[in-house]
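>>> I need the structure of the sequence given here:
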Amino acid sequence: MHKNPLLASVFALGSGLLLACSASQALATEGGLSSWPMGIEIYGMGILPPPGTYGQIFTGNYEAKSVRDNAGNKAADIDLRVTTVVPRFVWVTEQKVLGGDLGFHALLPLNDMRLNIKNGPHDSKRGIGDAHLGPVVGFHLSDKLHMATGVDFVLPTGAYDKNDIINLGNNYYTVEAVYAMTYANPHGLNADVRLMYDYNFENKDTHYQSGQELHADYTLGWGVGNSWVVGVGGHAYQQVTDDKCSASNCAAAALVEETNGYRGRSFSIGPAVQFSSKDGWSLSAKWQQESGVRNRAEGQTVWLKFTTPL
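Numbering: from 1, shown residues only. Reported below is the predicted structural model:
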């Protein structure tokens, strides 16, 4: 392990956009990483489609030039770029649960990552990240108001080495509770929120346990007709419990203590647009800039999302 706690944390920053691939973070929680790629969802995040099988492709590119410390000041200059392609499969069954439609989803990210630390080392990785899968139940409260709830399980399928400065996976399990709502009006207000709460298990290689996390993806837009929605979107993130590191040789233990748990936070916002075809497919795009960052990298992300029946 690296002897300098801050440098050790920057080195851990790797797993990038994981997921889903979220390299939009770089400190707080171990290596500043979260299992969910913040802001990846765009419009329609609370709508579970009719029974059937669906495919989605998310593509994203994240770039960061600095790491922010516990006070929001620049702690390090970096050059981080993570490009990800995330295929996702959704199966909605005929089964009803409490009046809602039962579905399942699974995804596996493919990441291309590069990290350069100013006056320090550099590295790059390419391969699969950590898989997500889980059940979901969707409700259609009206023709415009929709709701979905479920649980995601994140599996440590990405390659990991505690001595590398970047990694494709986090090397620990996460359980994520999910609640999402969408209000969709083709000729008026469109609003979405996906609220998530993460419980992270211990990384057995480092004996580090990242704190619990509360975060949300959101969009707000206006249906302008002709199947288009335009507006803004992003994410809000707050770590709600302390990181823990019990190992006697844990390089980040002092930093966790000095920063009262080494909790991270961030917020992003930017333009978002969606086109929905009469044939059932849709294409969304979003650009988001991070601000108010604590104990993480600060950067910007471009997301594209394509959905189609299979």
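
>>> Any regions of the chain where pLDDT drops low?
Counting by pLDDT under 70, the chain has low-confidence residues at 1-29, 31, 247-249, 251-252.

>>> following the longest strand belonging to it, which helix or strand comes up?
Counting by DSSP state E, the longest strand found in the chain is strand 74-97. Downstream of strand 74-97, the next assigned helix or strand under DSSP states H and E is strand 100-107.

>>> what angle sits between that following strand and strand 74-97?
Counting by axes from the mean of the first three to the mean of the last three C-alpha atoms, to 10 degrees, strand 100-107 lies at 140 degrees to strand 74-97.

>>> buried stuff in the helix or strand just after strand 100-107?
Scanning forward in sequence from strand 100-107 by DSSP H and E, the next helix or strand is strand 110-117. Across strand 110-117, burial judged by 16 or more other C-beta atoms under 10 Å covers 110-115, 117. Bear in mind the C-beta positions are built from the backbone N, C-alpha and C, glycine included.

>>> Parallel or antiparallel, list what pairs with strand 110-117.
If you go by DSSP bridges, strand 110-117 pairs up with strand 74-97 (antiparallel), strand 122-128 (antiparallel).

>>> buried set for the longest one?
By neighbour count with 16+ other C-beta under 10 Å, strand 74-97 contains the buried residues 75-76, 78, 80-86, 88, 90, 92.

>>> Include distance to Gly99 when you put those into a markdown table, please.
What follows is these, written out as a markdown table (distance: C-beta to C-beta, whole Å):
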| residue | distance to Gly99 |
| --- | --- |
| Ala75 | 50 |
| Ala76 | 51 |
| Ile78 | 49 |
| Leu80 | 45 |
| Arg81 | 45 |
| Val82 | 40 |
| Thr83 | 41 |
| Thr84 | 36 |
| Val85 | 36 |
| Val86 | 31 |
| Arg88 | 25 |
| Val90 | 20 |
| Val92 | 15 |
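
>>> Mind checking the strands paired with strand 110-117 for the one nearest to Leu145?
strand 74-97 (18.3 Å; C-beta to C-beta).

>>> Okay, strands next: where are they in the stretch 201-310 of the chain?
Counting by DSSP state E, counting those that start in this stretch, one finds strands in the stretch 201-310 of the chain at the ranges 208-209, 213-225, 228-239, 244-245, 265-276, 282-294, 296-309.

>>> in its sheet, what does the longest one sit against?
So the one you mean is strand 296-309. strand 52-68 (antiparallel), strand 282-294 (antiparallel).

>>> And for the third one?
Strands flanking strand 228-239 in the sheet, each with its direction: strand 213-225 (antiparallel), strand 265-276 (antiparallel) (DSSP bridges).

>>> Just the CA atoms of that strand, as CSV, please.
As requested, the backbone C-alpha atoms of strand 228-239 are provided in CSV (Å, rounded to 0.1, in the frame of the first residue of the first chain):
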residue,chain,number,x,y,z
TRP,A,228,-39.0,15.5,-28.5
VAL,A,229,-38.2,16.4,-24.9
VAL,A,230,-35.7,19.1,-24.0
GLY,A,231,-34.5,20.2,-20.6
VAL,A,232,-31.8,19.6,-18.0
GLY,A,233,-30.5,16.7,-15.9
GLY,A,234,-27.7,15.4,-13.7
HIS,A,235,-27.2,13.9,-10.3
ALA,A,236,-27.0,14.6,-6.5
TYR,A,237,-24.8,12.6,-4.2
GLN,A,238,-24.1,12.4,-0.5
GLN,A,239,-22.2,9.8,1.4
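
>>> for that strand, which positions count as buried?
Applying 16+ other C-beta under 10 Å to strand 228-239 flags 229, 231-237, 239 as buried.

>>> Tabulate those residues (JSON lines), appending distance to Gly39.
Shown next, in JSON lines, are these (distance: C-beta to C-beta, whole Å):
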{"residue": "Val229", "distance to Gly39": "17"}
{"residue": "Gly231", "distance to Gly39": "14"}
{"residue": "Val232", "distance to Gly39": "11"}
{"residue": "Gly233", "distance to Gly39": "7"}
{"residue": "Gly234", "distance to Gly39": "5"}
{"residue": "His235", "distance to Gly39": "4"}
{"residue": "Ala236", "distance to Gly39": "9"}
{"residue": "Tyr237", "distance to Gly39": "9"}
{"residue": "Gln239", "distance to Gly39": "16"}
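
>>> CA atoms only for stretch 124-140 - export them in CSV, please.
Extracted in CSV, the C-alpha atoms of stretch 124-140 (Å, rounded to 0.1, in the frame of the first residue of the first chain):
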residue,chain,number,x,y,z
SER,A,124,-4.5,2.5,-18.5
LYS,A,125,-6.9,-0.4,-18.4
ARG,A,126,-9.5,-1.9,-20.8
GLY,A,127,-12.0,-4.6,-20.0
ILE,A,128,-15.3,-5.5,-18.2
GLY,A,129,-16.4,-3.8,-15.0
ASP,A,130,-18.7,-4.8,-12.2
ALA,A,131,-22.0,-6.4,-13.2
HIS,A,132,-25.4,-5.2,-11.9
LEU,A,133,-28.6,-7.3,-11.8
GLY,A,134,-31.8,-7.4,-9.9
PRO,A,135,-35.6,-7.4,-9.8
VAL,A,136,-37.9,-4.4,-10.3
VAL,A,137,-41.6,-3.8,-10.0
GLY,A,138,-43.3,-1.1,-12.1
PHE,A,139,-46.6,0.7,-11.5
HIS,A,140,-48.5,2.9,-14.0
